[in-house]
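S.K.: Using only what follows, build the 3D model:
(one chain, ligands or ions: 1)
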Amino acid sequence: MTKYAFVLGSNWLLSIAELLIYIQDRGFEGTLVDQSRNAVIVDIKQRLDVEQLMEMQSALGGCYKVGKVIWDYDIDVPLAAYPARKAADKEMLKEIRKCPWLKIVWPRSRGKKIKFGISTYPIFNGGFPINFRRFTRGMDDQVKKLLLENGARRADYFAYDEPDRRVSSRLNISLWPKTIARNNLLAQPNAEILAIFSEHKLYIARTRFVYDSMLQQYRDESRPFVSAEISTSPKICRTLLTLAGARPGDTILDPFCGTGTLLMEAALLGMKCIGVDIDGDQVQGARSNMKWLVRDLGERLDYDIFKGDSRRLSSLVKKQVDAVAFEPLLGPIYKEVPPIVEVEKTIKELTTLYRQVLTEIATILRPDGRVAMTIPVINTQGEPISVKFKELTMNTGMTLYRMLSSESIKTRSDIDPRLKIRPERELIPERKKGQLVQRAIIVLEK
Ligand SMILES: C[S@@+](CC[C@H](N)C(=O)[O-])C[C@H]1O[C@@H](n2cnc3c(N)ncnc32)[C@H](O)[C@@H]1O
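M.R.: Prediction:
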């Protein structure tokens, strides 16, 4: 058994579901053994080789970093060594400063020039009695000191002067994937060390791969056709593909392909893609994006994009597909909170549309294939209203697939309620700050 640490995206539950589904689909035996709001620890029975880990990191839209756990401490040690509001316990401080794991990362540091970074992931963002900033700086200085004592020619660490632009109140104590890539921190003898806190432990892991944010930014900004109002984020597209069980070499379908974001992500992951959209402009746009990708990669990509109505999908797509993933039409773009009756009508119309499309999908999807899709959750003057999954699947040939399997989650029962995972849940919310139309993710199987 090897423990791996996964740093999660902002939608932690969705990231966990995606990760567990990926592990299960690839035939690995993995158990989630500990978790925080920022990271999870998964015990995997098989030893993953470099290629398997790299493929995993690039497939997962909700995982920023993957590392191998090399040490753990009981949480009492950092709690006493770096308390938020008390004086530090000298003995515990000494204990943590020994860094016995250093030899695992740098068995031979003599004469080397080493660049490194410590990235800390607290259990929540706030509300835990450890001074995480002091801990991180303390570890930076201590690792540097020990490396120099062990004979390293140089030891330089990266600190975190760039503020977190998304949430200014958030502690900025972890390195961005782009900082890691720019400074080549994953190439020996350099290293990024992950310090991951859970309620009961502090895990030390060595990062193996990080999300390629520079490449994603380049694709987002350089592709010829974007439509801010409808384009789905590339990360969500990757998550949907994983949830649908899509693998390299598979034929995947997006029946509401819009600008083709999901098709591009699928093509980059080595999948064959089919896109359908009712709007001719979107079809042209998606085609120009794919052509751009072909030129940019200098490789042939296998794709077809059809203009048409997905309610008549089987007349457009004449071959069997392995997986279906999409963000459908989510209804009107509301400028102010709509009245309940108006939203109820919209949801009814959308449910009919989705059901018609799902019935068509069932005729071209491979027998054990899955569909992963978003559905709208619309804020009203009362409760938010959404599509009911039973109505969505009724007589379509598709049934609900639960994303969080209880067999692969073995965390302690006395866990903080904020960290509880309910495996029985049917949907996972995917919130977009400040928008009236929120989303949820659902997975169906044939
Ligand atoms: C939310 S957008 C999809 C965005 C897409 N994932 C992207 O990244 O650009 C929904 C798309 O569904 C298309 N659409 C709406 N009704 C359709 C139908 N009946 N058949 C096929 N496409 C449809 C719209 O033209 C729109 O492009």
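
S.K.: So for the protein, which residue is the most central one in space?
M.R.: Gly62 (0.2 Å; C-alpha atoms, centre = their mean).

S.K.: measure it to Lys307 for me?
M.R.: From Gly62 over to Lys307 the distance is 32 Å, taken as C-beta to C-beta, to the nearest Å. The way it works is simple: take the backbone N, C-alpha and C, and place the C-beta from them, glycine included.

S.K.: Residues of this structure that sit close to the ligand?
M.R.: 230-232, 255-256, 258-259, 261-262, 276-279, 282, 309-311, 327-330 (C-beta under 6 Å from any ligand atom).

S.K.: Could you list which of the residues you listed belong to strands?
M.R.: Within the residues of the chain next to the ligand, residues falling in strands by DSSP state E are 276-277.

S.K.: Would you mind checking the residues of the chain next to the ligand for buried ones?
M.R.: 230-232, 255-256, 258-259, 261-262, 276-277, 279, 282, 309-311, 327-330 (16 or more other C-beta atoms under 10 Å).

S.K.: Mind checking which of these are in helices?
M.R.: 261-262, 282 (DSSP state H).

S.K.: Who are the contact partners of the closest residue in space to Ala362 that isn't next to it in sequence?
M.R.: Ranked by C-beta to C-beta, 6 or more residues apart in numbering and with sequence neighbours excluded, the top spatial neighbour of Ala362 is Gly397, at 3.2 Å. Contacts for Gly397 (C-beta atoms under 8 Å, 6 or more residues apart in numbering) come out as 358-359, 362-363, 446.

S.K.: got a list of what the closest residue to the ligand within the stretch 151-300 of the chain touches?
M.R.: For the stretch 151-300 of the chain and the ligand, the shortest gap (C-beta to the nearest ligand atom) falls at Gly258, measuring 2.7 Å. Residues near Gly258 by C-beta under 8 Å, 6+ apart: 227, 230-232, 277, 279, 282, 285-286, 327.

S.K.: okay, it: pLDDT?
M.R.: If you check Gly258, the pLDDT there is 97.

S.K.: quick one: average confidence on the biggest helix by length in the chain?
M.R.: Ranked by number of residues, the top helix in the chain under DSSP H is helix 340-364. The average pLDDT within helix 340-364 is 97.

S.K.: Show me the helices in the stretch 101-250 of the chain, by range?
M.R.: For the stretch 101-250 of the chain, applying DSSP state H, counting those that start in this stretch gives helices covering 102-105, 132-149, 177-182, 213-222, 234-243.

S.K.: Mean neighbour count, the ones you listed: which tops it?
M.R.: helix 234-243 (a mean of 26; mean count of other C-beta atoms under 10 Å).
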